[in-house]
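Novice: return a 3D structure for these sequence lines:
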Amino acid sequence: MDKKELLASSPVRFFEPTGAALEEGEIGLLTAKKGLGKTSILVQFGIDTLLKDKAIVHVSFNQKSENVITWYSSVLAEICKSHRVDVDELSDELFRNRTILNFNQDTFTLPKVVNTLKALKDNGIKLETIIVDDLDLLKTEVSDLNCFCDFIKEEKMTAWFSYNSEASDLNQILPSEKMAKFNSVAHLLPETESVSLSILKKGEGKVKLNSKTLLMTK
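Specialist: Just a heads-up that it's a prediction; the model follows:
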């Protein structure tokens with residue numbers, strides 16, 4: 001099986017019919033209570049981008065780089081389970097286009113993240129998708145969000161943020177001036193026997209997650 005076939009069966013294909021997928025220059029927000037599976041969804045978006053031979057940068061404000069690496073390895077292994085794929089060989093190929101950064105929000109703001117991304121770009125790393133995991137958006141200044149959004153638009157990239165929130169109402173997740181910066185919003189919601197990803201902004205509907213693997217499914 002080649003990457004095109006694996007891409008065709010990527011979990012993200014179950015997300016696209018909702019209409020919530022990002023276009024160039026757009027930013028998405030994934031919310032849920034802590035520990036429900038936000039990082040798994042972000043990693044599925046990241047691997048989908050890598051399967052398209054595009055580069056990603058995963059910025060974590062909570063987990064050590066080793067933990068993020070483990071997430072990518074385990075999610076890729078699950079995606080490949082039902083296919084005849086040499087996971088080790090594929091990992092080597094895909095993860096060459098992945099950069100992982102780990103920051104502390106107390107000392108590193110979004111404008112500093114933008115400066116770091118610009119430096120990577122200047123050093124020849126082609127950036128396509130940026131993932132910002134576990135940034136406390138309540139503590140983030142609107143001006144900092146504006147700086148990041150402007151960069152994503154100018155460079156025609158896409159970016160996904162995750163944020164801890166149990167609210168399923170847009171008005172209760174973030175102040176309106178901050179929520180306005182996000183083109184697409186999805187919320188992970190626990191159900192009786194599984195977890196679902198519900199679309200709150202841009203598109204509609206929901207996507208079920210496999211209760212064991214947390215991969216998006218039918």
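Novice: can you give me the helices in this structure?
Specialist: All helices of the chain, identified by DSSP state H, fall at 3-8, 38-51, 65-80, 87-94, 110-122, 142-155, 170-173, 176-179.
Novice: which of those helices sits closest to Ile199?
Specialist: Ranking those by proximity to Ile199 (Cβ to Cβ) places helix 170-173 first, at 11.1 Å. For every residue, glycine as well, the C-beta is placed using N, CA and C.
Novice: other SSEs contacting that closest one?
Specialist: The helices and strands touching helix 170-173, judged by 3 or more Cβ pairs under 8 Å, 6 or more residues apart in numbering; DSSP states H and E, are helix 176-179, strand 184-190.
Novice: strand partners of the last one, parallel vs antiparallel please.
Specialist: In this case it means strand 184-190. Applying DSSP bridges, strand 184-190 is found paired with strand 27-32 (parallel), strand 195-201 (antiparallel).
Novice: restricting to C-alpha, output it in CSV.
Specialist: Extracted in CSV, the C-alpha atoms of strand 184-190 (Å, rounded to 0.1, in the frame of the first residue of the first chain):
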residue,chain,number,x,y,z
SER,A,184,-13.7,26.3,12.8
VAL,A,185,-14.5,25.0,16.3
ALA,A,186,-15.1,21.4,17.3
HIS,A,187,-15.8,20.0,20.8
LEU,A,188,-15.1,16.5,22.2
LEU,A,189,-18.1,15.2,24.1
PRO,A,190,-18.3,12.0,26.2
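Novice: how far does it sit from the chain's center?
Specialist: Distance of strand 184-190 from the chain centroid (Cα atoms, centre = their mean, to the nearest Å) equals 12 Å.
Novice: how about the shortest one?
Specialist: In this view, helix 176-179 has its centroid 20 Å away from the chain centroid, taken as Cα atoms, centre = their mean.
Novice: and for that helix, what's in contact with it?
Specialist: With contact meaning Cβ atoms under 8 Å, 6 or more residues apart in numbering, helix 176-179 is reached by Leu29, Leu137, Thr140, Val142, Leu145, Leu170, Asn171, Ile173, Val185, Lys201.
Novice: now do the buried residues in that helix.
Specialist: Lys178, Met179 (16 or more other Cβ atoms under 10 Å).
Novice: for the last one, same thing?
Specialist: Going by neighbour count (16+ other Cβ under 10 Å), the buried part of strand 184-190 is Ser184, Val185, Ala186, His187, Leu188, Leu189.
Novice: thought the second one was touching Leu200?
Specialist: Yes. Proximity of Val185 to Leu200 meets the contact threshold set by Cβ atoms under 8 Å, at 4.4 Å.
Novice: what do those two both touch?
Specialist: Shared contacts of Val185 and Leu200, counting by Cβ under 8 Å, 6+ apart, come down to Leu170.
Novice: now what about stretch 117-135, what contacts it?
Specialist: Outside stretch 117-135, the residues within contact range by Cβ under 8 Å, 6+ apart are 38-39, 42, 45-46, 49, 54-63, 68, 99, 105, 110, 113, 151-152, 155, 157-164.
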